[in-house]
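# Model the following, please.
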Amino acid sequence: MFETEAGDKVFVVDGHVHLWDAREANRRNRYGLTFIESFWNGHEGMTPEAERWPFERFLHYGPERARKDLFEDGYCDYAILLPTYLEEFYVEGFNTTEQCAALRDLCGEKAILNGRMDPREGERGLDRLRADHARFGFKGVKIYTAEWYGESKGYSLKEDRVGRYMEACRELGISIIHIHKGPTIHPLNMDAFDVRDVDHVATAFPDLTFVVDHCGMPRVDDFCWIASQEPNVLGGLALIPSFIHARPRYFAQMLADLLFFVGPDRLIFGSDYAITSPKWIIEHFMDFDFDEATAREAGTALTLDVKRKILGLNAARLYDLDVPPDCRISDPGLDRAAE
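Residues are numbered from 1 along each chain as shown. Below is the predicted model:
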């Protein structure tokens, strides 16, 4: 957890973590290199110089290094692992459930392991989901609408086959669906990241909770309007906080829009580790304040209670995590994570 100079303790859940392998031996084709280079460009462009990694370490850091970066140096009480297979680009997958399970094996319940599903896989994919859930016991799964699959370069959440997978999640007791909707990454197609299909599935399955990772960035506007109408849609902030160093005004505007339309109770912090690491982002965020005009537009100042909700309490409520009493917010009536 993070502790302020005044002694206030802040419970931290990193809501967007990976354990990937982009080494040359695991690359299936040239896209395995260009994909990780897109991540690397983000790492170099947004991370303070003192916090940057060598490229070779960035390609593969392993569970021991992740444990240190997240739970020793990075203030995290919990980290939510979100697999991204990318089997068209990587021989053994880029960031699979199996790979992520190595961190859970090392760190126990601190590492929350989610599953992954792709409705284009039909019955085979449903069997895979059921088998993985039987083995690992997921609370949530991730879907990646822009991932390539054979000749398909992406799909829409409006497709009928998506509904079959949502129904399977219901049956299995998986209630949290993470949807990757972020910036274009080479060689993936921008249209497949479009966030405007989220309202369709959110309306059709009101008993499921949809965490839109990256908040549809750069289509944050579209996400805000959707989330303001769909109470079961949350914003996964991963990548957005990374701009706090290189583009602080841009970060402030995005966060102000999200706070105005979505509110502080439905935003979940994520570092997008290992594109960046939680340590420096959390330190910058705890020091960050809106100016008066931005706070007015956001409808709230960045108080300690607002920061506590974003950094951990909202994710704790979603994943039913125990929050120590001294990490709860000052008004218990507002602290649903403490209920």
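# What residues sit buried inside the strand or helix carrying residue 67?
In the assignment (DSSP states H and E), residue 67 maps to helix 62-67. Buried residues in helix 62-67, counted by 16 or more other C-beta atoms under 10 Å: 63, 66-67. C-beta here means a position set from N, CA and C on the backbone, and glycine is covered the same way.
# ok, those vs residue 41, which is closest?
The shortest approach to residue 41 among the buried residues of helix 62-67 belongs to residue 66, at 21.3 Å (C-beta to C-beta).
# Quick check: residue 80 is in a strand.
Yes - according to DSSP: H, G, I helix; E, B strand; the rest coil, residue 80 belongs to a strand.
# count of neighbours near it?
Close neighbours of residue 80, defined as other C-beta atoms under 10 Å, add up to 27.
# Please name the residues that touch it.
For residue 80, the contacting residues are 13-17, 112, 114, 140, 270, 315, 319, by C-beta atoms under 8 Å, 6 or more residues apart in numbering.
# Return the set of residues that bridge with the closest residue to residue 140 other than its chain neighbours.
Counting by C-beta to C-beta, 6 or more residues apart in numbering, residue 140 lies nearest to residue 176, which is 3.2 Å off, once chain neighbours are set aside. Beta-bridge pairing of residue 176 under DSSP bridges involves residue 140, residue 209.
# which ones are touching residue 176?
So residue 176 contacts 114, 139-141, 208-209, 211, 318-319 (C-beta under 8 Å, 6+ apart).
# and what of residue 40?
Residue 40 makes contact with 55, 58, according to C-beta under 8 Å, 6+ apart.
# what pLDDT does it get?
pLDDT for residue 40: 95.
# Confirm that residue 15 sits in a strand.
Yes - according to three-state DSSP, residue 15 belongs to a strand.
# tally of neighbours for it?
30.
# Would you mind measuring from it to residue 273?
As judged by C-beta to C-beta, to the nearest Å, residue 15 and residue 273 stand 10 Å apart.
# for residue 67, same thing?
The gap separating residue 67 from residue 273 is 11 Å, by C-beta to C-beta.
# what ranges of the stretch 201-339 of the chain fall below the confidence cut-off?
330-339 (pLDDT under 70).
# quick one, helices of it?
220-229, 243-246, 248-261, 278-287, 292-298, 304-308, 314-319 (DSSP state H, counting those that start in this stretch).
# Tell me which residues of the fifth one come out buried.
Within helix 292-298, the residues that count as buried by 16+ other C-beta under 10 Å are 294-295, 298.
# Format the residues you listed as CSV; extra columns: distance to residue 237.
Formatted as CSV, these follow (distance: C-beta to C-beta, whole Å):
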residue, distance to residue 237
294, 17
295, 18
298, 14
